[in-house]
Structures are given as structure tokens and as C-alpha cells.
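Novice: 3D model of this:
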Amino acid sequence: MSTELDISLLTWACTIGFIVALLTVDLVVAAKRPHHVGLKEAAVWSVVYVAIALGFGVWFTLHYGSGPGTEYFVGYLVEKSLSVDNLFVFVIIMTTFAVPDEHRHKVLTFGIVLALLMRAIFIALGATLLSLFSFVFLLFGLLLIFTAVQLYRHRDEDPDIENNVVVRTSRRVLPLTDDYRDGKLLTHDDGKRVATPLFLVLVAIGTIDLLFALDSIPAVFGITAQPYVVFSVNAFALLGLRALFFLVQGLLDRLVYLSAGLSLILAFIGVKLILQWLHEDVSQSVPEIPTLLSLVVIAVVLAVVTVASLLKTRRDPSAKARPGSLRTRRNEERSESRR
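Specialist: Numbering: from 1, shown residues only. Here you go, the predicted model:
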């Protein structure tokens, strides 16, 4: 990995300001003009966000060199591929809570804001730990390998949103309306302050985003140790998530091998992190995995997974993709019965 970059406070401030400005535009559109997002609109916004991310990568490469620039593009590819799995879960959540079509824009935008906030906290924590303790590379590597194994074992399952402990607690504690009340989070009912189902949807998305952050942040730290790059690739991958949702929601069901492919990518990056730790702390004779090789491996896995999935669903139209889960519902029910 490259040496620590000297990123000025002004660069950090401008980058965060730019991302906040993009988020503000999304929030204003979602709050002021709730509407069905058509394919054309989703395609235009998807192209815009990808172009912004690539343009930022070109600027970053020109200013900081090809090494950090390559890390940025590989990290962006990793985060973008992992974000597709987020989309599966968003679909499940919105279906579970029967979110009206015109409010899905708002749900996605608020979900992205929550995800960015949590990732910023995890990035700051991860960067601090890596700067103090090099063995954190080992811990991150083992976490990713464990996650990869669990995701592969339960690749054909859906996460159980209704049995999420935070969602269950919210249902018990919060007074809830029966309808979405024009997309409001909170409203008044008989003079009392009550929450709408949309508030519960955001609770579900927030807790799921927390689990995704536990995977995606170590994954991108396996590509680069630069906090600025880790934050940037997460922000730009998440910013395009809303438009991507409306663009590919009809295609998601056909990516039947995506969870298996993502588990391979997570395992590969986990091995890369462990080799990085062995190289730095044990012996420099231990080989490291170059960033360019990581780019090739990740791109090949994603390409093979996509082609194989489309061929599978063409032969068997009944085949349906699942986002995968880190544990089975049976285990959740068993742990619940012990309480």
C-alpha cells in the first residue's frame, strides 16, 4: 500500500461540502416532489453519478499519483459491487412495509444519508486503529473471511427484517399510524405525537446499513489505507445508489449468483489483508497482492457472476436472486426462544 497522503483540511472540506451539496439536491427533490422515478430519469441520474465519481478519480489521480489513483478506482469498484447487495435489502424492506411508490425516493435518500454517517464513524475509527495497531489488518482480514463464509452458506436466503431486534422494539415502544400520512416521519393523531410506518422503514434501513458498514469498510481498507480514499469511494458509491435502485430493480431478481460472487470478493480481500499484515509484521518475504491484481480479480468475478446469472435465469425463469444473510432465520428463532 502507498504511504500516507498529505490531504489538506481545505481538500477535505471541499470534498465533504461537494458531497453534502449532492445529498441536499437529492433530499430537496425527494421531500418537495415525491413521484414515481421512471427508467429514463433513473438512467440519467445513474450516468451523472458515475461520471462524477470517475471525474473525481481522474482529478485525484492527476493530483496524487497513479498509485493512490488506482486504489481509488479499485475501491470504488468494490464498494459499487457491494452496494448492489444493499439494493436487494432495500427492495425487501420496501416490500415488507408496503412503501408507496412515490415515497421510495425519499426512503432511499434518507437511507443513503444514514449510511454515510455510519460509514464516516467507522472510517474514522478504522483509520485510527490501523495507525495505532498494525494487527488490525489481521482482524479485518479474519472478519471479511468469516463474513464471506457466512454469506456463501446463506447465499440463497433473505435477511429477516421483521425479526430485527431494533424493528421489533420500535413496534412495541412507538405509537404508529396505519398509513404513510403523505410521506411524513412523524405526525399528530388525536393530539398525540406519533410515528408513521415510514419512520419504521428508516429504522430498518439504518440497522441494516450498520451491518453493511461492518463489511464494506474493512473491505475497502483492504484496498487502501488512506482514510480520504476510503471516505470518497464510499460516498460516491452510495450517492448513486438511489438512481441505481430504480434503474436495475427489475434486473436484481436475475443476479442469482451475486451473493456467491460477493463472498468470493470479500474472501479475496480478507486474504489480501492478512498477507499485508504478515508482510509488515512477520516477514517481508511474505508476498503482497498488488492493487492492479485486485482490480483484475474483482472485475473478472463480477463479470463471470453477471453472465452466469443471466444464463441461469434464461434457462430457468423461475430462479430468483437472494441478497444472502449472515445467519439463518432458524438460528434467529432459536436464539429468541432462549431469551
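Novice: Which residue lies nearest the spatial centre of this protein?
Specialist: S83 (3.9 Å; C-alpha atoms, centre = their mean).
Novice: Contact partners for that residue?
Specialist: 237-238, 240-241, 244 (C-beta atoms under 8 Å, 6 or more residues apart in numbering). Every residue, glycine included, has its C-beta placed from N, CA and C.
Novice: Got the phi and psi for F135?
Specialist: Dihedral pair for F135: phi -70, psi -10, per degrees, to the nearest 10.
Novice: what sits against it?
Specialist: 277, 281.
Novice: same deal with R322?
Specialist: So R322 contacts 88, 155-158, 256, 259 (C-beta under 8 Å, 6+ apart).
Novice: List the buried residues for the helix or strand containing L117?
Specialist: Assigned by DSSP states H and E, L117 belongs to helix 104-132. Within helix 104-132, the residues that count as buried by 16 or more other C-beta atoms under 10 Å are 104-116, 118-120, 122-123, 126-127, 129-130.
Novice: Spell out the residue ranges of the helices in this protein.
Specialist: 9-32, 39-64, 66-96, 104-132, 136-153, 165-173, 197-221, 227-239, 241-248, 258-277, 291-315, 329-337 (DSSP state H).
Novice: just to revisit the earlier point, could you give the mean pLDDT of the helix holding L117?
Specialist: Mean per-residue pLDDT for helix 104-132: 81.
Novice: again with stretch 174-190
Specialist: The pLDDT scores in stretch 174-190 average 76.
Novice: Kindly report the same for stretch 301-316.
Specialist: 91.
Novice: got the contact list for that stretch?
Specialist: 77, 81, 253-258, 260-261, 264-265, 268, 319, 321.
Novice: Could you pull up the residues touching F245?
Specialist: By C-beta under 8 Å, 6+ apart, the residues touching F245 are 42, 87, 90-91, 104, 108.
Novice: How about the contacts made by F140?
Specialist: Residues in contact with F140 (C-beta under 8 Å, 6+ apart) are 126, 218, 221-222, 270, 273.
Novice: cool, Q226 as well?
Specialist: 2, 4-5, 7, 68, 71.
Novice: Adding distance to L295, write the contacts of F245 out as CSV.
Specialist: Conversion of the contacts of F245 to CSV gives the following (distance: C-beta to C-beta, whole Å):
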residue, distance to L295
A42, 27
L87, 23
F90, 27
V91, 29
R104, 33
L108, 28
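Novice: tell me which of those residues is nearest to S170?
Specialist: Comparing the contacts of F245 against S170 with C-beta to C-beta places F90 closest, at 18.1 Å.
Novice: What confidence value was assigned to the closest residue to that closest one other than its chain neighbours?
Specialist: Of all residues not flanking F90 in the chain, F245 sits nearest, at 6.1 Å (C-beta to C-beta, 6 or more residues apart in numbering). Looking at F245, its pLDDT reads 78.
Novice: before we move on, what about T147?
Specialist: pLDDT at T147 comes out at 86.
Novice: Based on its surroundings, how many neighbours for it?
Specialist: 21 (other C-beta atoms under 10 Å).
Novice: show me what contacts it?
Specialist: 214-215, 263, 266, 326.
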